[in-house]
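*Asks:* Whatever this is, show me its structure:
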Amino acid sequence: MLLIGFLSGLILASFLSHSLERMLLHSETPSTPRHCTKCDTTRPVTYYIPILDLLINLGKCPQCGEKRHLAYLWLELVTITVITYLFLALTPLAALQLSLAGTLLIGITVMDVRQQLVPNLYTSLLLGLPVLSILFGDRTLIQSFHGLVAGAIISGLLLLPQWVSRETSKSYGLGDVKLILVVTLWLGWILTVYMMLLATISGLIAFIIIWMARGFDLKFRLAFGPFVAFFTLLFALWRIVDPQIITNLLSFRF
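*Replies:* The predicted structure follows:
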């Protein structure tokens, strides 16, 4: 499991930093080859493998010596470490699901905070989580369908104020709606209701605090994606640690 976890971490960490770098710095699709931001030279193959790039090129462009942003390097190293640990501590299916979810939700968090955007790339790949759960018997199609219905209802309630006021550029965006729909397919409707409740309360508290600190700026908007991402991972991990979580939540035993 150590080798599998390490290789999985390498792949997911490289994908995460690569996609974020392209979308944040250049607004390009992640499939675009990495180029040096200074001399525009195509990066070597080792750039896609963070540890090799650090050992061989010291994180620099071999052509002009431009250093890679340390934030991406640290992001990759932390991602590799956490994913490797997950494969050592959990079952392969649970580790794979949490690794995929964590990687994609981190990307969503960064993009939502920086650009008020939930990329379709990450949301589409999150669909792999309910698919894995169904294929390996962790969930049934009926359970996923119930989750989808709950997600549609929650999303409709979130968008209702916008439809009434006809202000589609404010409040929740379609990116948040698509994210919630995918999450309900994976977590199911019970965990999603609790997730949305905690995410909304936490988001409201954070909004009030930051809004007051910014001097009651009427144009201030707080990204909701990070709160959905955090509580999605929290309940996903809780479900693995405590298989009776749904029964306990239904009976309000915490």
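*Asks:* what stretches of the chain score poorly on pLDDT?
*Replies:* Confidence mapping of the chain against pLDDT under 70 gives the ranges 25-41, 43-51, 57-59, 61-63, 65-66, 68, 158-173, 216, 218, 245-254.
*Asks:* Give me the most central residue, it.
*Replies:* Geometric centre of the chain, nearest residue: L105, 0.6 Å, by Cα atoms, centre = their mean.
*Asks:* Under a three-state scheme, what state does that one occupy?
*Replies:* Here L105 is helix, with the state taken from DSSP: H, G, I helix; E, B strand; the rest coil.
*Asks:* which SSE is the closest residue to it other than its chain neighbours in?
*Replies:* Using Cβ to Cβ, 6 or more residues apart in numbering and skipping the chain neighbours, the partner closest in space to L105 is A229 (3.8 Å). Quick note: C-beta positions are derived from backbone N, CA and C, even for glycine. A229 is part of helix 225-241 when elements are defined by DSSP states H and E.
*Asks:* which secondary structure elements does that helix contact?
*Replies:* Counting contacts by 3 or more Cβ pairs under 8 Å, 6 or more residues apart in numbering; DSSP states H and E, helix 225-241 packs against helix 92-115, helix 174-187, helix 189-213, helix 245-250.
*Asks:* Would you mind putting these into JSON lines with distance to G137 alongside?
*Replies:* Written out in JSON lines, the entries for these read as follows (distance: least, Cβ to Cβ, whole Å):
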{"stretch": "helix 92-115", "distance to G137": "9"}
{"stretch": "helix 174-187", "distance to G137": "15"}
{"stretch": "helix 189-213", "distance to G137": "18"}
{"stretch": "helix 245-250", "distance to G137": "16"}
